[in-house]
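A.B. asks: attaching a predicted model along with its sequence, questions to come.
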Amino acid sequence: MSRAERFFRDLTQNRLRRGVFRDVPELVDAIEGYIDKHNESPKPFIWTAKASDILAKVKRARKALQRDSSNARHILIQISKTHPSLPTRQLSRMLATNEELARKVAQHDHEIGILFEHIQGLLEPPETPKKRRIGFNVGDDE
């Protein structure tokens with residue numbers, strides 16, 4: 001379970017579950033109060049995974065999503081060939097659902113691409129600023 005998942009689990013168990021909130025602002029106040037209390041004694045997060053391992057895992061996940069999407073489409077085509085008695089409307093719904101899955105995969109691909117760009121930026125060493133010369137230099141136009 002990730003730290004974010006743990007945080008939301010704790011928020012739910014310790015503050016929200018069995019709570020009674022008359023309106024949304026009261027709920028927001030309860031959440032913000034929990035966050036303020038939580039931040040009074042923060043614990044540092046120590047990153048143990050290497051960025052290269054994370055990128056490799058994301059790439060594997062992307063390939064699996066693409067493979068699963070194309071497999072689902074292939075399976076539906078095979079079903080329509082082997083079971084022509086299935087109603088066309090039912091097959092159309094299945095295909096529409098698969099198109100929705102494909103749309104979701106494309107959206108995730110876009111988001112994963114953004115994540116890749118950010119992680120790649122973190123992997124690159126920061127640019128060292130050009131040092132300015134101190135003093136007066138005759139003939140320099142800088």
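C.D. replies: Happy to help now that I have it. Numbers count the residues shown, from 1 in each chain.
A.B. asks: only C-alpha atoms from now on, for both contacts and neighbour counts.
C.D. replies: Noted.
A.B. asks: just the element for K63, please.
C.D. replies: In this structure, K63 sits in helix 51-82 according to DSSP states H and E.
A.B. asks: same deal with H108?
C.D. replies: helix 88-123.
A.B. asks: what's the answer for T128, then?
C.D. replies: Going by DSSP H and E, T128 is not part of any helix or strand.
A.B. asks: and it, how many neighbours does it have?
C.D. replies: 6 (other CA atoms under 10 Å).
A.B. asks: phi first, then psi, for it.
C.D. replies: phi -80, psi 130 (degrees, to the nearest 10).
A.B. asks: how confident was the prediction at H110?
C.D. replies: We note a pLDDT of 75 for H110 in this prediction.
A.B. asks: list the buried residues for stretch 13-28?
C.D. replies: Residues of stretch 13-28 classed as buried: L16, L27 (neighbour count, 16 or more other CA atoms under 10 Å).
A.B. asks: other residues contacting it?
C.D. replies: Residues outside stretch 13-28 that contact it (CA atoms under 8 Å, 6 or more residues apart in numbering) are A30, I31, Y34.
A.B. asks: tell me, how many residues neighbour the second one?
C.D. replies: When you say that, I think you mean I31. Neighbour tally, I31, other CA under 10 Å: 16.
A.B. asks: mind listing what it touches?
C.D. replies: Contacts of I31 (CA under 8 Å, 6+ apart): L11, R15, L16.
A.B. asks: fine by me, thanks again.
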